[in-house]
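Visitor: Dropping a prediction and its sequence here:
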Amino acid sequence: MLSRRHLLQMSGGLALCAATPAFAGDAVSEDWSGDVEILRQAWQTMHPGLYRYSSPDEITARLNGLSAAWKAPASFRDRFLALTRVTASVRCGHTYPSPYNGGAAVRDRLYLGRELVPFRYVWIDGQMVVTADQSGEEAFPRGTRVTAINGVPAPDILARLIPLARADGHNDAKRISLMEVRGDDEFETPDIHLPLVLPGLVDRAAFTLADGPVVMATLLTLAERQAGAPSATQPSGDANPWTLDKGADGIARLTMPGWALYNSTFDWQTWLGGVMDDLTGDGARGLIVDLRGNEGGEDCGNVILSRLVTRDFALSRNQRFVRYRSAPQALHPYLDTWDRSFLDWGGQAVPDADRPGFYRLTRYDDGEVATRIRPTGRRFAGPVAVLCDASNSSATFGFAQSVQESRTATLVGTSTGGNRRGINGGAFCFLRLPASRIEVDLPLIASFPETPQPDAGIAPDLLVPTTVADIAAGTDPQMAAATAHILSA
């Protein structure tokens, strides 16, 4: 079991002077410290959650360390690793160098060849537990426990990865979830970071299994990993990324692996509203909404809530703040976003005496109508269960919070990601650093609760973890528990 003390010891390794392995690839001799100064100015003037969990002196020291690291000759991946340690130390689930927004030039320097483990897996008690074998050699059956790679114990590998994961506050369940390869992401987080922290992942590797044998297996390329993905990870066009199954037991099961529909023309609001309206007419005995693996995206859950509430329901009572009214002109050339109005909030950002250094944001994107869920369409009065896990950290975190507060559904599974102390998001800029060509996601709006809250995600109403035996047998304990709950209602 990976101990809390072990995690804290590894977190102490955030200092940039800590030893890191050398990697393949051309050495970078250019001075990139100018990029660090751009990052510093953007964070200090625009990042609303920069000092939630760190002091100004701590942030300054980390950026100074990064500046020094980016002056010294090193490989691109050494420098990327140094940056990732700093962004992760902000403890914000939306602050990181994103492979999605960084472009091919950056991705090509991160993925150097055949160095990805040949299976999908989850972490259970500090061990990698295989969920799908991609080796082509039947070397890793479902439920196989990998206890070491190239002789490095799995708990030590996880401890090296934890400080690189983007997550809110001290919600380490989210960090562990991010370091799993589950097939629900186009660029799996550990596929980027594991080769950075584990020397020798080139072409083949030695995998020690729980029952003793060591298996030599060929590693995968990024293209092979993506070709083996179970489904499309980035919805596009008008394809429906969700599935609805109406079982013989009378329960409707709505599977929603993602709500990131920004590049999709699928009319999800009409479809989802129709699904919810039809539940009553079809005489459904209950509804299970499966959000496992879904980090968020659009506020799709509001359509579901509108068919469950009996009266107006106020969404999160969290107050929203920004750090600036107008973004510094000097940063404009480096800030990319889908809505340039984010660079100047104008009168929508109001100074707040209770929170010096912040502006209270009068919600730019919604107003009174969207801060409340109003009953819409045909209300479904049957029992509803929502399957949740640590991946739920943005819009899905907010939805989990709302269904629990409104008591319209039962949360089944494990604690969510996100943080009850508030998260950063809502609007974003993509900070494009010119020398390195790396992009860092920059959230612009911070939410803060009106009353003190724990530094944690949302705990489910029914805690149902997955065991190694469940994986080996191919059973789904969360779905089984939700089904039993509805049938007993």
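Guide: Sure thing, it's come through.
Visitor: show me where the stretch 1-150 of the chain has strands.
Guide: Secondary structure of the stretch 1-150 of the chain (DSSP state E, counting those that start in this stretch): strands at 27-28, 74-75, 119-124, 127-133, 145-149.
Visitor: Can I get those in a markdown table including mean neighbour count?
Guide: Placement of C-beta: from N, CA and C, glycine included. Shown next, in a markdown table, are the strands of the stretch 1-150 of the chain (neighbours: other Cβ atoms under 10 Å):
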| stretch | mean neighbour count |
| --- | --- |
| strand 27-28 | 14 |
| strand 74-75 | 20 |
| strand 119-124 | 21 |
| strand 127-133 | 22 |
| strand 145-149 | 19 |
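Visitor: Of all those, which one comes closest to Asn392?
Guide: strand 119-124 (15.5 Å; Cβ to Cβ).
Visitor: Output the contacting helices and strands for the closest one.
Guide: For strand 119-124, the packing partners by 3 or more Cβ pairs under 8 Å, 6 or more residues apart in numbering; DSSP states H and E come out as strand 127-133.
Visitor: sorry, back to before: of the strands of the stretch 1-150 of the chain, which shows the lowest average pLDDT?
Guide: Ranked by mean pLDDT, the strands of the stretch 1-150 of the chain end with strand 27-28 in last place, scoring a mean of 89.
Visitor: Okay, now the sheet partners of that one, with direction.
Guide: When pairing is defined by DSSP bridges, strand 27-28 lines up against strand 74-75 (antiparallel).
Visitor: so how far is the partner strand off the chain centroid?
Guide: 28 Å (Cα atoms, centre = their mean, to the nearest Å).
Visitor: Can you tell me the SS state at the residue nearest to Pro48 when sequence neighbours are not counted?
Guide: When the adjacent residues along the chain are set aside, Pro48 lies closest to Ala446, with 3.3 Å between them (Cβ to Cβ, 6 or more residues apart in numbering). Classification of Ala446 using DSSP: H, G, I helix; E, B strand; the rest coil returns strand.
Visitor: now the protein, which segments are flagged as low pLDDT?
Guide: Under the criterion pLDDT under 70, the flagged ranges of the chain are 1-26, 230-235, 317-318, 363-370.
Visitor: center of it - which residue?
Guide: Nearest to the mean C-alpha position of the chain, by Cα atoms, centre = their mean, lies Glu295 at 5.2 Å.
Visitor: can you give me the helices for the stretch 1-150 of the chain?
Guide: Along the stretch 1-150 of the chain, counting by DSSP state H, counting those that start in this stretch, helices occupy 4-11, 33-46, 56-69, 76-89, 99-102, 104-110.
Visitor: At which residues are the helices of the stretch 301-450 of the chain located?
Guide: So, for the stretch 301-450 of the chain - with DSSP H, counting those that start in this stretch - the helices run 301-306, 395-406.
Visitor: circling back: what's the spacing between the residue nearest to the centre of the chain and Arg182?
Guide: 12 Å (Cβ to Cβ, to the nearest Å).
Visitor: One more: Tyr51?
Guide: Counting by Cβ to Cβ - Tyr51 and Arg182 are separated by 33 Å.
Visitor: neighbour count winner among the two?
Guide: Arg182 (19 against 16; other Cβ atoms under 10 Å).
Visitor: thought that one was touching Val122?
Guide: Yes: because the distance of 6.8 Å satisfies Cβ atoms under 8 Å, Arg182 is recorded as touching Val122.
Visitor: Would you mind listing the residues touching both of these two?
Guide: Contact criterion Cβ atoms under 8 Å, 6 or more residues apart in numbering; residues shared by Arg182 and Val122: Thr131.
Visitor: Tell me which of the helices of the stretch 1-150 of the chain lies nearest to Ala239.
Guide: From the helices of the stretch 1-150 of the chain, taking Cβ to Cβ, the stretch that ends up closest is helix 99-102, at 18.9 Å.
Visitor: hmm, back to that, in TSV, list the strands of the stretch 1-150 of the chain along with distance to Leu442.
Guide: Putting the strands of the stretch 1-150 of the chain into TSV (distance: least, Cβ to Cβ, whole Å) gives the following:
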stretch	distance to Leu442
strand 27-28	23
strand 74-75	24
strand 119-124	29
strand 127-133	33
strand 145-149	34
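Visitor: how about the ones you listed, which one is nearest Ile192?
Guide: strand 74-75 (14.5 Å).
Visitor: From the recorded domain assignment, give the ranges for the chain.
Guide: By the assignment in automatic domain parsing, the chain contains the domains 119-227, 243-307+376-420+455-487.
Visitor: So which residues make contact with stretch 195-206?
Guide: With Cβ under 8 Å, 6+ apart, stretch 195-206 has contacts from 20-24, 77, 80-81, 84, 112-117, 149-152, 157, 160-161, 164, 194, 214-219.
Visitor: do that again at 7 Å, thanks
Guide: 21, 77, 81, 114-115, 149-152, 157, 160-161, 194, 214, 216-219 (Cβ atoms under 7 Å, 6 or more residues apart in numbering).
Visitor: how far does stretch 110-118 sit from the chain's center?
Guide: For stretch 110-118, the distance to the chain centre is 21 Å (Cα atoms, centre = their mean).
Visitor: Compute the first-to-last residue distance for that stretch.
Guide: By Cα to Cα, to the nearest Å, the extent of stretch 110-118 from end to end equals 18 Å.
Visitor: swap in stretch 196-215?
Guide: 22 Å.
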